[in-house]
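**Student:** Show me how the following folds:
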Amino acid sequence: MDFPARGIRAVDGVDLEVRAGEQVVLLGRSGAGKTTLLRALLGGVPAATGSVRIGGRNPWGSPAEVRALRRSTGVIRQGNDLVLGVSARLNALMGTASQWRLRDWVTALRGRVPAAYAERLAALADHHGIADALDARVHELSGGQRQRVALCRALLPGPTLLLADEPTSGLDPAAAQTVVAALRATEGVTLVVATHDLGVARAFPRTVALREGAVVYDGPDFDARIAERVYGVPA
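**Tutor:** Numbers count the residues shown, from 1 in each chain. Got it, this is the predicted structure:
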């Protein structure tokens, strides 16, 4: 993926395969190409050469193909994009908003979960430890709780692929550990997490490390020697 106007090749010759149901971390310092690679999976950045396929589909294919991919992909963006002044429940429900009918919106704005999503939201909130926080406004929640609301929002439509960009950014170590545990506990979803945090990488079974857009490591057992190759300084 190139940005010719700035003379930048953000992702350079990456050959990567992620199996269905696998949990993978993209690790690297700022500017290593992690977010660009995630954006390519979303169809937001076209590849200058090569190709991207998700479940056999092309992120830059026909409109129907693109719509199908977006429906099957959940996203947690850096900063989580939650609406602070409304409840965690309504924020989580927004993950399914494209599927709502008018009466679903009316029901939600009156403080009730549309019946089609109530059971699944309750199960997700319980699974990720925020069942007692759903009726609180987002600005009243801790950073870790907010990220778990964002996780529930991404999972509520039932995606097969979940992309998370720096999900522990700005969190204290305890909250970060809680969020990582929640991500690891996702079931039946292929998970790709971008991070610069070595602690996050060590919690996952596979690390794909990027430096200047190229893969410098791909495998388990990430250690200090590999970290030095990624960051260019002793770990």
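**Student:** can you tell me which residues contact residue 41?
**Tutor:** By CB atoms under 8 Å, 6 or more residues apart in numbering, residue 41 lies in contact with 52, 54, 59, 73, 161, 163, 192. Where you see a C-beta, it was placed from the backbone N, CA and C, and this is true even at glycine.
**Student:** ditto for residue 135
**Tutor:** Applying CB under 8 Å, 6+ apart, the residues near residue 135 are 87-89.
**Student:** Tell me the spacing between the residue nearest to the spatial centre of the chain and residue 214.
**Tutor:** Nearest to the mean C-alpha position of the chain, by CA atoms, centre = their mean, lies residue 164 at 1.7 Å. According to CB to CB, to the nearest Å, residue 164 and residue 214 sit 22 Å apart.
**Student:** Pull the residues that contact the host helix or strand of residue 151.
**Tutor:** Applying DSSP states H and E as the criterion places residue 151 in helix 143-155. Helix 143-155 is contacted by residues 74-76, 80-82, 88, 91-95, 121, 124-125, 128-130, 133, 138, 141, 162, 164, 167-168, 170-172, 174-176, 178-179, 182-183, 186, 189 when judged by CB under 8 Å, 6+ apart.
**Student:** Could you turn the buried ones of those into a PyMOL selection?
**Tutor:** Filtering those down to the buried ones (16 or more other CB atoms under 10 Å) takes a single PyMOL command:
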select buried, resi 74+75+76+80+82+88+91+92+93+94+95+121+124+125+128+130+133+138+141+162+164+167+168+171+175+176+178+179+182+183+186+189
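**Student:** Select from the contacts of helix 143-155 every entry located in strands.
**Tutor:** Judged by DSSP state E, the contacts of helix 143-155 include 74-76, 162, 164 as members of strands.
**Student:** can these go into TSV with extra columns for pLDDT and distance to residue 30?
**Tutor:** Shown next, in TSV, are the ones in strands among the contacts of helix 143-155 (pLDDT from 0 to 100; distance: CB to CB, whole Å):
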residue	pLDDT	distance to residue 30
74	90	24
75	90	20
76	90	18
162	94	22
164	93	17
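**Student:** Run a quick check on the residue nearest to the centre of the chain versus residue 193, I expect a contact.
**Tutor:** Yes: the pair residue 164 and residue 193 qualifies as a contact (CB atoms under 8 Å) at a distance of 4.6 Å.
**Student:** shared neighbours of these two, which are they?
**Tutor:** Shared contacts of residue 164 and residue 193 (CB under 8 Å, 6+ apart): residue 183.
**Student:** ok, residue 227 touching residue 198?
**Tutor:** Yes: at 5.9 Å, residue 227 counts as touching residue 198 under the criterion of CB under 8 Å.
**Student:** So for these two, which residue has more residues nearby?
**Tutor:** Higher neighbour count among residue 227 and residue 198: residue 227, with 20 against 17, using other CB atoms under 10 Å.
**Student:** Quickly find the element holding that one.
**Tutor:** Residue 227 belongs to helix 224-231, assigned by DSSP H and E.
**Student:** got the buried residues for that helix?
**Tutor:** Here helix 224-231 shows 226-227, 230-231 as buried, counting by 16+ other CB under 10 Å.
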